[in-house]
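**Q** need a structure here:
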Amino acid sequence: MARMIFVNLPVTDVVASTAFYESLGFPKNPMFSDKNTSCIIISEHIYVMIMMRDTFQGYMPKEPVEKTICDAKTSTETLLCLSCERKEEVDELVEKAGKGGGRMDTTKSQEMERMYGRSFEDLDGHVWETVWMDMAAFEKEQEGCPAKQCGGT
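**A** Residues are numbered from 1 along each chain as shown. You can find the predicted model right below:
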């Protein structure tokens, strides 16, 4: 079985957050969802588990100290990055986030020859970067590069 990743995010309104992620084109998986949690399918192996803050808190360690959940609108908990197959998809996803109630371009945009990226915040302030990389150009660049200069040994 291929390795999967489940990104767990606390939210204040699971219904509104589910609608936000669905507006980005990511469907809900009802098999792993209930009134306090929605499983959002990002890809075949990547899922976002959005859950009410008190439900999320139930998964936090209690020893040696009880950990608290930060407010993603005022603190940084993580920076999530999602790759896109086309440069245009980066813009499409950020625009959808804005239309769905998220904040667009919350970090500095990246525009380089072989890479393009933008960002958005979801309804609870979680920061998502969207990035396109010209992998063929990166791979071609590595072909003629001596191992010691390209990270090899």
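
**Q** tell me the pLDDT at the residue nearest the centre of the chain?
**A** Residue closest to the average C-alpha location in the chain (C-alpha atoms, centre = their mean): Leu80, at 4.0 Å. With respect to pLDDT, Leu80 scores 94.

**Q** one more: Thr107?
**A** At Thr107, the model reports a pLDDT of 90.

**Q** grab the nearest non-local neighbour of it.
**A** Once flanking residues are discounted, Thr107 sits nearest to Ser119: 4.3 Å by C-beta to C-beta, 6 or more residues apart in numbering. The C-beta positions use only the backbone N, C-alpha and C, and glycine is treated the same way.

**Q** the one you found in helix, strand or coil?
**A** Secondary structure, DSSP: H, G, I helix; E, B strand; the rest coil: Ser119 is strand.

**Q** next, count neighbours for Met112.
**A** 9 (other C-beta atoms under 10 Å).

**Q** report the helix or strand with the lowest average pLDDT across the chain.
**A** Least confident element among the helices and strands of the chain, by mean pLDDT, DSSP states H and E: helix 135-143 (a mean of 76).

**Q** export stretch 55-70 as CSV, just CAs?
**A** Output of stretch 55-70 as CSV, limited to C-alpha atoms (Å, rounded to 0.1, in the frame of the first residue of the first chain):
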residue,chain,number,x,y,z
THR,A,55,-12.3,17.5,18.7
PHE,A,56,-8.7,18.3,17.6
GLN,A,57,-7.8,19.1,21.2
GLY,A,58,-8.8,15.6,22.2
TYR,A,59,-5.8,14.3,20.2
MET,A,60,-3.3,16.6,21.8
PRO,A,61,-0.8,15.2,24.4
LYS,A,62,-1.7,15.7,28.0
GLU,A,63,1.7,14.8,29.6
PRO,A,64,4.1,16.2,30.6
VAL,A,65,2.0,19.3,29.9
GLU,A,66,-1.3,19.7,28.1
LYS,A,67,-0.6,21.3,24.8
THR,A,68,-2.9,24.0,23.5
ILE,A,69,-3.9,24.7,19.9
CYS,A,70,-2.6,27.9,18.4
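
**Q** residues making contact with that stretch?
**A** Residues outside stretch 55-70 that contact it (C-beta atoms under 8 Å, 6 or more residues apart in numbering): 8-10, 36-37, 53, 76-77.

**Q** of these, just say which sits nearest to Glu113.
**A** Among the contacts of stretch 55-70, Thr76 lies closest to Glu113 (C-beta to C-beta), at 28.8 Å.
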